[in-house]
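# starting from these lines, generate the structure:
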Amino acid sequence: MDRDDADSPAAFTDTTRAEQAAAPDPPTPASPGPDAGSGTATTAGTATTAGAATTGDGASAVHPEHDDADPGAATDSVARRDLRNELFTMEWVRRRIDGDTRSQVLTLLAACVVITLVLLLVRACDGSSTNAGTAIDDGLRETPSSAGRDGLLTFRGNQQRNVSALSKIPDDQPSLRWVFPQSKPLCSQSNISGTEQTECGVGWTGQAALFPYAGHTWAVVGSYARALHFLDLQNGLPLRSITGAADVYKGSPTVDPDGYPLVYAGATDGLLRVVAFDREPSEILWQIDSAAIDPQRPSNDWDASPAVHGDYLIEGGENGYLTVIKLNRSYDGNGMATVAPVVVFNTPTWTEKLIGDVGRDTGFDVESSVAIWDDVVYIVNSAGLIQGWDLSALDEGTTPHKTFEWWIGDDVDATIVIDEEGNLYVAALHKLDSKQGEVMGQLIKLDPTLQMPVVWSAFTARPEGQPQDIIATPAIWRKTIIVSTFQGDIIGYDIETGKERWRVEGDAAQLPSPVVFDGRLLQADCDGNLRAYNLGNGRGTPKLRWTVEVGQCIEATPALWDNWIVVGDRAGYIYGIGTEQ
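Have a look, this model is predicted:
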């Protein structure tokens with residue numbers, strides 16, 4: 001979504017920024033599980049300036065520094081003050097200390113000082129040192145492996161972007177188990193809406209990555225607090241210090257699918273990062289500035305969820321380029337993950353013909369995530385031009401070549417979805433007012449093997465109504481493809497013919513993508529609701545099963561895995577919802 005576009009989804013949000021800045025206290029979990037903790041989800045590990053990790057080239061990783069007036073600026077001093085306040089409310093601090101107890105405490109403190117001095121002396125003698133970003137053996141590491149990893153690791157689950165969930169949507173209303181943070185909301189100053197103002201919570205697309213690692217189940221999610229968070233899925237407590245940025249994390253992170261303890265995430269500060277989480281603090285191993293690709297482009301955000309294909313990281317940016325990076329992943333002698341990335345290919349996603357069709361001033365940003373079928377990566381920009389690039393010969397040093405191109409004539413923010421036969425489903429807004437867009441509609445099925453690739457196209461308007469915009473990525477359930485519109489409707493189309501099968505009408509803006517699993521549909525909206533429906537075989541109108549009111553506007557797509565739902569809202573909080581009774 002273009003930050004400078006008044007018609008962008010960011011401008012549609014009906015929750016005012018003033019309301020977000022004055023966000024209410026976080027909801028109290030209704031029925032916490034046995035591992036839900038004591039409600040103190042704010043720990044020393046949550047400080048957003050816990051120390052600047054070093055990048056692979058020796059530069060300091062960016063950790064945010066905010067004005068004291070900024071409600072989202074979690075400085076070191078604030079973190080220490082919050083922690084001290086928590087400590088002095090604990091029962092053991094309030095107890096009266098008698099003479100014997102005081103003597104025991106002083107003896108224990110003296111012993112600790114002696115032990116600390118001995119350890120420092122030993123370290124000085126053997127010449128070792130601990131630098132920022134160096135691993136701490138805290139038990140949260142696995143044996144080095146590249147055997148693959150389970151979990152919901154990227155936006156929409158896989159390279160085809162057709163797996164929206166990996167866990168059952170419950171029959172009955174689930175319970176809120178934890179809220180993060182338990183203190184002030186996740187906020188910072190940002191200009192993503194065109195002017196500098198307070199922004200809070202988790203934005204579009206904002207899907208968390210959920211996966212097991214080192215005996216814990218992790219949730220990795222970016223926020224408008226200029227932070228990438230590493231949380232324990234069981235209780236919402238931090239497992240790692242945050243990875244900071246100079247502006248907000250807005251898209252969905254990708255965790256390495258091949259077992260390396262790495263996460264790939266871009267932010268609106270122009271940097272795409274490779275972060276290692278097998279150490280504390282998490283460490284930025286490498287980053288690339290989109291301005292290094294093309295300094296003339298007006299937008300430099302990285303909103304999309306990167307794809308990992310072999311040893312290559314593939315990403316589209318708001319600079320309008322497709323970029324392919326050889327990661328050269330490995331482990332060092334201590335078993336710590338390493339990378340030595342090299343940009344091997346980039347190309348603009350616009351052409352001179354497209355400029356002639358829509359004008360040079362039209363944005364060619366890439367908001368959506370790339371999708372991959374076999375060795376062909378598909379990418380679409382905000383002017384509606386779809387391209388396919390064959391990467392099969394990259395390992396032999398051959399430059400990728402274009403195998404497909406089609407213009408649908410309107411702005412595309414939703415990610416391309418690929419079915420099991422290699423067909424593409426592309427959802428669009430009604431924005432550019434081009435003749436091609438008026439013909440193509442808002443949902444198009446393409447067969448990229450055909451010279452005339454359009455299999456069918458469909459329209460989102462209600463009878464005698466205006467076309468409705470699709471910002472969310474479609475979901476496939478059996479022979480039905482499901483879209484949710486910004487204007488509030490959920491629509492199911494026949495996947496073979498494009499005929500509308502059913503429609504659930506609504507009026508709450510829907511930026512989150514629909515989530516389907518095992519005959520259930522989960523849809524979040526900007527009224528702060530999560531709604532679950534029975535889909536049945538997908539041919540009939542879904543029946544509402546339950547509603548959970550989470551908070552304020554939800555822009556992020558809910559993540560489902562291992563009987564959990566994780567979602568963030570724009571009030572400034574991330575929620576863990578248990579789906580097992």
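# host element of Ile372?
Applying DSSP states H and E as the criterion places Ile372 in strand 371-373.
# who does the following helix or strand past that strand pair up with?
Using DSSP H and E, the helix or strand that follows strand 371-373 in sequence is strand 376-380. Applying DSSP bridges, strand 376-380 is found paired with strand 371-373 (antiparallel), strand 385-390 (antiparallel).
# rebuild those as JSON lines, extending it with distance to Thr480.
Yep, even glycine has a C-beta here, placed from its N, CA and C like the rest. Output for the strands paired with strand 376-380, formatted as JSON lines (distance: least, C-beta to C-beta, whole Å):
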{"stretch": "strand 371-373", "distance to Thr480": "19"}
{"stretch": "strand 385-390", "distance to Thr480": "23"}
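# would you list these in CSV and tack on distance to Pro212, mean neighbour count and mean pLDDT?
Output for those, formatted as CSV (distance: least, C-beta to C-beta, whole Å; neighbours: other C-beta atoms under 10 Å; pLDDT from 0 to 100):
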stretch, distance to Pro212, mean neighbour count, mean pLDDT
strand 371-373, 24, 22, 98
strand 385-390, 33, 22, 98
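# so for Gln436, which of those strands sits nearest?
With C-beta to C-beta as the measure, strand 385-390 is the member of the strands paired with strand 376-380 nearest Gln436 (10.5 Å).
# so how far is the closest one off the chain centroid?
Taking C-alpha atoms, centre = their mean, to the nearest Å, one finds strand 385-390 lying 24 Å from the centre of the chain it belongs to.
# in its sheet, which strands sit next to the helix or strand following that strand, and in what direction?
Per DSSP H and E, the first helix or strand lying C-terminal to strand 385-390 is strand 401-407. Paired neighbours of strand 401-407 in the sheet (DSSP bridges): strand 385-390 (antiparallel).
# which residues does the strand it pairs with contact?
Identification of contacts with strand 385-390 by C-beta atoms under 8 Å, 6 or more residues apart in numbering yields 322, 347, 349-351, 354, 364, 375-380, 400-408, 412, 416, 424, 426, 446, 448.
# hmm, 6 Å instead?
354, 376-380, 400-407, 448 (C-beta atoms under 6 Å, 6 or more residues apart in numbering).
# just the buried subset of those residues, please.
Buried by 16 or more other C-beta atoms under 10 Å: Leu354, Val376, Val377, Tyr378, Ile379, Val380, Pro400, Thr403, Phe404, Trp406, Trp407, Pro448, out of the contacts of strand 385-390.
# mind showing which ranges of the chain have poor pLDDT?
Along the chain, the model assigns pLDDT under 70 to residues 1-25, 27-139, 581.
# okay, which residue is most central for it?
For the chain, Ser252 is the residue whose C-alpha lies nearest the centre (C-alpha atoms, centre = their mean; 1.8 Å).
# I'd say that residue and Gln207 touch.
Yes: Ser252 is within contact range of Gln207, at 4.1 Å (criterion: C-beta atoms under 6 Å).
# overlap in contacts, these two.
By the contact definition C-beta under 6 Å, 6+ apart, Ser252 and Gln207 are jointly contacted by Phe155.
# could you pull out the helices in this structure for me?
9-12, 17-21, 76-87, 91-94, 99-126, 352-358, 435-440 (DSSP state H).
# please report the distance of Tyr331 from Ala340.
Look at Tyr331 and Ala340: by C-beta to C-beta, to the nearest Å, they are 12 Å apart.
# those two - which one has more neighbours?
Set Tyr331 next to Ala340 and count neighbours by other C-beta atoms under 10 Å: Tyr331 wins out with 16 against 12.
# from Gly259, how far out is the nearest residue to that one once chain neighbours are set aside?
With C-beta to C-beta, 6 or more residues apart in numbering as the criterion, Tyr331 has its nearest non-adjacent residue at 4.3 Å, and that residue is Pro144. From Pro144 across to Gly259, the span is 8 Å (C-beta to C-beta).
# how about Pro558?
Pro558 sits 26 Å away from Gly259, going by C-beta to C-beta.
# neighbour-wise, which of these two wins?
Using other C-beta under 10 Å, the more surrounded residue of Pro558 and Gly259 is Pro558, with 26 against 17.
# and the strands in the stretch 251-400 of the chain?
Along the stretch 251-400 of the chain, the segments classed as strands by DSSP state E, counting those that start in this stretch run 254-255, 262-266, 271-276, 283-289, 307-309, 312-316, 321-326, 330-331, 337-338, 342-348, 371-373, 376-380, 385-390.
# which strands or helices does the fifth one pack on?
The criterion is 3 or more C-beta pairs under 6 Å, 6 or more residues apart in numbering; DSSP states H and E, and there are no helices or strands that strand 307-309 contacts.
# what does that strand rub up against?
With C-beta under 6 Å, 6+ apart as the criterion, strand 307-309 contacts Gln159, Pro257, Ile314, Val370, Ile372.
# count the neighbours of the first one for me.
Look at Gln159: counted by other C-beta under 10 Å, it has 21 neighbours.
# what sits against the residue lying closest to it once chain neighbours are set aside?
Distances taken as C-beta to C-beta, 6+ apart put Ile372 closest to Gln159, at 4.0 Å, once the chain neighbours are dropped. By C-beta under 6 Å, 6+ apart, the contact set of Ile372 is Gln159, Ala307, His309.
# ok, now Ile495?
Counting by C-beta under 6 Å, 6+ apart, Ile495 has contacts Lys479, Ile481.
# quick check: the gap between it and Pro542.
According to C-beta to C-beta, Ile495 and Pro542 sit 16 Å apart.
# same question, Trp218
Taking C-beta to C-beta, one finds Trp218 at 32 Å from Pro542.
# then Arg149?
Distance of Arg149 to Pro542, computed by C-beta to C-beta: 33 Å.
# which one of those two has more residues nearby?
Ranked by neighbour count (other C-beta under 10 Å), Arg149 and Pro542 place Pro542 first, with 23 against 18.
# quick check: the more buried one touching Tyr533?
Yes: with contact defined as C-beta under 6 Å, Pro542 reaches Tyr533; the gap is 3.6 Å.
# common neighbours of these two, please.
Shared contacts of Pro542 and Tyr533, counting by C-beta under 6 Å, 6+ apart, come down to Leu521.
# quick one: the strands in the stretch 101-250 of the chain?
Using DSSP E, counting those that start in this stretch, strands in the stretch 101-250 of the chain cover 175-180, 187-190, 197-200, 209-213, 216-223, 227-232, 238-244.
# want to throw those into a markdown table with distance to Ala475 and mean neighbour count?
Shown next, in a markdown table, are the strands of the stretch 101-250 of the chain (distance: least, C-beta to C-beta, whole Å; neighbours: other C-beta atoms under 10 Å):
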| stretch | distance to Ala475 | mean neighbour count |
| --- | --- | --- |
| strand 175-180 | 24 | 22 |
| strand 187-190 | 30 | 24 |
| strand 197-200 | 27 | 24 |
| strand 209-213 | 18 | 22 |
| strand 216-223 | 20 | 25 |
| strand 227-232 | 25 | 26 |
| strand 238-244 | 30 | 25 |
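# ok, which of those comes nearest Glu396?
Taking the strands of the stretch 101-250 of the chain one by one with C-beta to C-beta, strand 209-213 is closest: 31.7 Å.
# and that closest one, what does it pack onto?
With contacts defined as 3+ C-beta pairs under 6 Å, 6+ apart, strand 209-213 has these neighbours: strand 216-223.
# same thing but 7 Å
strand 216-223, strand 254-255 (3 or more C-beta pairs under 7 Å, 6 or more residues apart in numbering; DSSP states H and E).
# residues touching it, excluding its own?
Residues outside strand 209-213 that contact it (C-beta atoms under 7 Å, 6 or more residues apart in numbering): 142, 149-154, 217-220, 233, 253-255, 261, 559, 561-562, 564, 566.
# one more: stretch 156-165?
Stretch 156-165 is contacted from outside by 155, 166, 307, 309, 369, 371-373, 415-419, 473, 475-476, 513-517, 560, using C-beta under 7 Å, 6+ apart.
# buried residues in that stretch?
Neighbour-count burial for stretch 156-165 flags Arg156, Gly157, Asn158, Gln159, Gln160, Arg161, Asn162, Val163, Ser164, Ala165 (criterion: 16+ other C-beta under 10 Å).
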